[in-house]
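In: Could you work out the structure for the sequence below:
(2 chains)
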Amino acid sequence: MIGASSIRKEGRAKVMGTACYTDDKFVPDALHGVTVRSQVPRGILKGIQFGEGIPWGEFTIVTAADIPGTNRVASVVHDQPFLVGIGEEITHPEQPVVLLAHPDRRLAEKARKAVTLEVEERPAILDIQASLDLEQVIYGTHNLLKEIRIQKGDPEAVWASAAHVIEGEYHTGAQEQMYLETNAMVAVVEQEAAGLRVTVWGSLQCPYYVHGALKQLFGLPEGQVRVVAMEMGGAFGGKEDYPSVNAGHAALLAWKSGRPVKVVYDREEDLACTTKRHPSRTRLKTAFDAEGHLLALDVDFVLDGGAYATMSPVVLSRGALHSASVYRCPNVKVHARAVATNTPPPGAFRGFGAPQSLFAMERHMDVCARKMGLDAVELRRKNFLRMGDTMATGQVIREDLDLGGLMDRALEEIDYHRKRTTFAAANDSQNPIKRGVGLAVFMHGCGFTGGGESYLASVAGVEGLADGTVSILAASTEMGQGKNTVFAQIVAEALKLPFDMVETAEVDTDRVPNSGPTVASRSTMMVGRILEDAAISFKQALVQQGFLKEPYTADGFREAVAKAVATLGSVKCYGQYHRPPNIAWNDATYQGDAYPTYSWACYAAEVAVDLDTYEVKVEDFVAVQEVGRVVNPTLAAGQIEGGVAQGIGWGLWEEVTMKQGRMINNQMTNYIIPTSADLPQIRVVFLENPHPAGPGGAKGLGELPMDGPAPALINALENALGPLRLDEVPMTPDRLLGRYEEVTHG
Amino acid sequence: MAKQITLKMTVNGTDCVVTVHPFARLLDVLREELRLTGTKEGCGEGECGACTILMNGRVVNSCLVPVVQAQGAVVVTVEGLAQGERLSSVQDAFLTYNGAQCGFCTPGMLISATDLLNRCPNPTEGEIREGLAGNLCRCTGYAKIVDAVRAVAADGGAAK
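Out: Okay, here's the model as predicted:
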């Protein structure tokens, strides 16, 4: 079962159009909720005016003064209000201030525009440098949302004596997740004997995050809040933390109106207001000996965290922990900061800080190779991590790691060396089309960072049903990645049952335990492992109770489960995460095993640049990775292809344009994601190396493909065009033209 | 209160009568009046193709069509592709090849792919990519969608 390309469990409903997404849920008598936002980046809210021409008496109106519990969104840091109250500070231009609900969606929209806010404006901080320079103090004492330091050896002692010391600065822009389904919530609040009961149905990755946020917002105990995950039209991290906000808004309106409320963002609102990938600036300083061995690395990594902490502390952590990429280095210093600005807070997005720091390091390796007169491939090979080496945190590589072999496979697939030679000759001609190939080698840590998995202590289980089939109980959500299918394969394998005898239960906090958030490439490896354990316990319990005898057939198992359910009423077994004995992490010193393991990859890209238009076409793309055992090859390839497409978009086209802290290209028309005509065939190769920590040897793979495309593409661009200042993504035609003119016009 | 009009359409082979605002979007009429929620809204400006349907045999973005233009029209949505429980060849290929991940672009993508194969039964990879370029997908990188369409063509086309 593990290793088979089983058909997606919910696939049939998806191709028939019957899969039920949040806005598809039929809710009689629902009101439509809309949000009035601050529109200025910084100031004090002095008053709210409700304009003429709107029948305000028909509206449900919620302001901060109405909030029954705590006006703070439960997150890593409880710093963000659900609504800004009068007399309080506005800290970014999309901040929610007033919620309105009405049965007529169009009238609700008209009313939203008729509310005006009186604001005493204050000077705002709109970028990383202004925040670091403390032009205004807008958060804490130093505008720092989080600061991390990692030290190994002493780089300072190396610079003076090293043969080569090379510095570089790299930038990456914000990126929109652009899930096809915008953020959407439906809320109902009932008055029960036990008190208020709040229920939301929504498009959300992490039911228990939303559950925690609603408890705090309403001041309710555990059992009075229920969260149900509907079919989800993509997420990519964009529905990790934000749904705590809009679920709260929908629930507040439902509570005040006494009616069901739907809050469905249109695309413009979703783009302008919800979380994105953090913009970054990375400064690198590296020392090499005369042969090109890496002796020292100094990383100064800064993320623009926006107005509130949201996920920034953990995004920063993952970025910092990936900043040395896949290289052995005896002396490393990492200084990482997430700084506050008066912009809508970024949040989780596939890769979670790693794409930013890996772009810098993988781009820098090519720059260093050029400056030292070495081949970029051989410079990498000389410095790859191998079994027994230690990473920056002191983590020892315990697996048989062959990054050279991985890289060689990618080089061979894309025909790297031959293309380098033929392109170099052809690029000397007058033809305006210049071609190049480039690569990046990188890794992605599986599961939560550091002690995160121990802190989560996730629980998942299996339940026998009356018809003898098995149901999977986990709060992990399906966002298209294939969780329903892969979990069923893992449990079917553990129980030696056919795939169609195992289904996943609806993700409803009244029914499923907290298996943790659906993030961090953790579902298959971490939750899958817990399910594997739970399934084996379930089978053993059936045997011990005398319902099942081994060996058994599928029919025998079905009969045993049906009989057990008939006799006992309910048959469930749960498993819980246990920290492997050889894994240790110290959060105070940032020393130890940052992740239980990593997935490893080498991506290679071929580009053609048209020097008349500065358009870049991706002609070929090879993605070679080692992700442990592949549970479902077709679904896994789909994850890699989709991630590569997003990575290509981030590298070349996807630009969030900000003005006074607001996204101004907040439409699909002018925020450009790849179409089918823009992409090459993406060639995916899995090298399997089963890892003992994952179910059936599987590791995480969802985020990995986001990390490699941008540096591989920009390295290919340098190969095509020569040494330009290619230090930033997205490398749009405008930006590329600018870089080219720096050289041609001095 | 805006004036309402009554109009007739044939949707997925069934005659329908709706009384709606003349400038209501066809997308909303399908989703809210007829409860055919398979057709999705991704952008509301004709860019993403999630709301793609066939109207009088032509592919349209239903978010851009005022319902008054659909008076008397023959409309096919994703719900009209299968024959009862029997999937169309394009639906079946999307299922087999993992052409649907999150599934939100899928209804519009299926309509466009069906239309493409009806117009061009043996498309090259380039023709498939061009033919589907009006339907955005954020999950798949389009690889498995292209595979699915190619497989249908190789197996005798969309009509089969």
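
In: Got the confidence number for A:Ala693?
Out: Note for A:Ala693: predicted pLDDT of 88.

In: Quick check on it: phi, psi?
Out: phi -80, psi -20 (degrees, to the nearest 10).

In: and the nearest residue to it once chain neighbours are set aside, what is it in contact with?
Out: Closest residue to A:Ala693 apart from its sequence neighbours, by C-beta to C-beta, 6 or more residues apart in numbering or on different chains: A:Pro596 at 5.1 Å. (C-beta placed from N, C-alpha, C; glycine too.) Residues near A:Pro596 by C-beta atoms under 8 Å, 6 or more residues apart in numbering or on different chains: A:Cys446, A:Gly447, A:Glu453, A:Pro580, A:Ile583, A:Ala693.

In: Does the last one touch A:Met525 like I think?
Out: Translated: A:Ala693. Yes. The pair A:Ala693 / A:Met525 is scored as a contact, 6.9 Å apart, by C-beta atoms under 8 Å.

In: what's near enough to touch residue 51?
Out: In the absence of a named chain, chain A is used. A:Gly51 neighbours (C-beta under 8 Å, 6+ apart): A:Ala114, A:Val115, A:Thr116.

In: not quite, I wanted chain B
Out: B:Leu27, B:Thr39, B:Lys40, B:Glu41, B:Gly42, B:Asn61, B:Ser62, B:Cys63, B:Gly108.

In: Of these - the most surrounded one?
Out: B:Gly108 (31 neighbours; other C-beta atoms under 10 Å in any protein chain shown).

In: A:Gly216 reaches A:Arg72, doesn't it?
Out: To be clear, residue A:216 is Gln; Gly isn't right here. Yes. Contact criterion C-beta under 8 Å: A:Gln216 and A:Arg72 qualify, at 6.9 Å.

In: quick one, phi/psi of A:Val729?
Out: According to degrees, to the nearest 10, A:Val729 has phi -130, psi 150.

In: that older thread, out of the contacts of B:Cys51, which comes closest to chain A?
Out: Closest to chain A out of the contacts of B:Cys51 is B:Gly42 (4.7 Å), distances taken as C-beta to the nearest C-beta.

In: among the contacts of A:Gly51, which are in helices?
Out: Under the assignment DSSP state H, the contacts of A:Gly51 contribute A:Ala114 to helices.

In: my read is A:Glu169 is in a strand, agree?
Out: Yes. Counting by DSSP: H, G, I helix; E, B strand; the rest coil, A:Glu169 is found in a strand.

In: Tell me how many other residues surround it.
Out: 14.

In: Next secondary structure after the helix or strand hosting A:Ile530?
Out: Using DSSP states H and E, A:Ile530 sits within helix A:528-544. As assigned by DSSP H and E, the chain's next helix or strand after helix A:528-544 is helix A:554-568.

In: which secondary structure elements does that following helix contact?
Out: strand A:459-464, helix A:528-544, strand A:571-576 (3 or more C-beta pairs under 8 Å, 6 or more residues apart in numbering or on different chains; DSSP states H and E).

In: Could you tell me the angle between it and strand A:571-576?
Out: If you take axes from the mean of the first three to the mean of the last three C-alpha atoms, to 10 degrees, helix A:554-568 sits at 100 degrees to strand A:571-576.

In: circling back: make a markdown table from the contacts of A:Pro596 and add neighbour count and secondary structure to it.
Out: As requested, these are exported to a markdown table (neighbours: other C-beta atoms under 10 Å in any protein chain shown; DSSP: H, G, I helix; E, B strand; the rest coil):
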| residue | neighbour count | secondary structure |
| --- | --- | --- |
| A:Cys446 | 29 | coil |
| A:Gly447 | 25 | coil |
| A:Glu453 | 25 | helix |
| A:Pro580 | 14 | coil |
| A:Ile583 | 17 | coil |
| A:Ala693 | 18 | coil |
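
In: mind checking how far the residue nearest to A:Pro55 when sequence neighbours are not counted is from chain B?
Out: Among residues not flanking A:Pro55 along the chain, A:Leu107 sits closest, at 8.0 Å (C-beta to C-beta, 6+ apart). Taking C-beta to the nearest C-beta, to the nearest Å as the measure, A:Leu107 falls 11 Å from chain B.

In: and the stretch 51-200 of chain A, which residues reach chain B?
Out: Residues of the stretch 51-200 of chain A lying close to chain B (C-beta under 8 Å from any C-beta of the partner chain) are A:Gln177, A:Met178, A:Tyr179, A:Leu180, A:Glu181, A:Thr182.
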